[in-house]
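Engineer: Model the structure of this input:
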Amino acid sequence: MGVQVLFSFVIYVIINAFTPGPGNILALNTMANYGWKRGKTLFLGIFTGYFFVQALCALFIIGLENLINPIMTVLTYVGVIYILWLAYQIAISKPENKTSEKQPSFWIGFVLQIVNVKIFLFGITSLTGYVMPYYSSLGLLLFFEMIIAAIGSLATLTWIFFGGLFQKTYFKHFRVINIILALLLLQCAVVLLLQ
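Structural biologist: Below is the predicted model:
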């Protein structure tokens with residue numbers, strides 16, 4: 001792989017990772033609503049799910065390409081339903097009382113990534129477009145997928161940072177912000193259906 005191809009790969013990964021997707025929007029909303037301390041288990045679920053899905057992408061590409069299309073079709077519909085549920089939950093949510101026992105969970109973040117077709121397509125297109133013409137061993141495919149997951153997790157941390165930065169604004173205008181975030185998730189679901 002030449003420097004120019006590597007540069008194109010990194011640019012492609014950065015642009016895909018930092019664009020709004022279900023994981024980034026949920027991370028932003030959770031940080032604005034619950035803060036870092038109460039939201040960190042959900043963030044850990046998002047990061048873990050990102051690495052898990054990217055490892056699955058490498059395994060799919062190396063030997064299970066015949067299973068990709070049926071699995072992707074099922075994941076698309078499951079993902080759309082889950083994203084619509086999240087959009088509804090965000091639209092009706094209110095800032096939590098600091099003394100509330102309710103906590104964002106690891107599994108909400110992890111499951112979101114498992115049904116997040118955006119990161120499946122992201123991982124598969126990155127490998128097939130930039131890496132597979134040069135490398136085909138499982139070890140190297142996993143290596144590149146871990147780079148993708150690391151950059152994706154960094155992008156999610158950026159969205160978390162902005163959620164913390166705008167927390168006061170969020171509490172003041174939570175209804176409008178929640179509706180905007182829910183509409184962004186709705187747009188993600190529509191894009192999944194139209195692909």
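
Engineer: which element follows the helix or strand harbouring Gly164 toward the C-terminus?
Structural biologist: Element membership for Gly164 (DSSP states H and E) is helix 138-165. Following helix 138-165 in sequence order, the next helix or strand is helix 167-172 (DSSP H and E).

Engineer: contacts for that following helix?
Structural biologist: Residues from elsewhere that reach helix 167-172 (CB atoms under 8 Å, 6 or more residues apart in numbering): 31-33, 35, 95, 163, 177. For every residue, glycine as well, the C-beta is placed using N, CA and C.

Engineer: Please tell me which one of those residues counts the most neighbours.
Structural biologist: Counting neighbours by other CB atoms under 10 Å, Met31 leads the contacts of helix 167-172 with 27 neighbours.

Engineer: Which residues are in contact with that residue?
Structural biologist: Contacts for Met31 (CB under 8 Å, 6+ apart) come out as 39, 43, 159-164, 167.

Engineer: how about JSON lines for those, with distance to Pro20 added?
Structural biologist: Conversion of these to JSON lines gives the following (distance: CB to CB, whole Å):
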{"residue": "Gly39", "distance to Pro20": "18"}
{"residue": "Phe43", "distance to Pro20": "16"}
{"residue": "Trp159", "distance to Pro20": "8"}
{"residue": "Ile160", "distance to Pro20": "13"}
{"residue": "Phe161", "distance to Pro20": "15"}
{"residue": "Phe162", "distance to Pro20": "11"}
{"residue": "Gly163", "distance to Pro20": "13"}
{"residue": "Gly164", "distance to Pro20": "17"}
{"residue": "Gln167", "distance to Pro20": "19"}
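
Engineer: Counting neighbours, which of those residues end up buried?
Structural biologist: Burial by neighbour count, judged by 16 or more other CB atoms under 10 Å, picks out 39, 43, 159-160, 163, 167 from the contacts of Met31.
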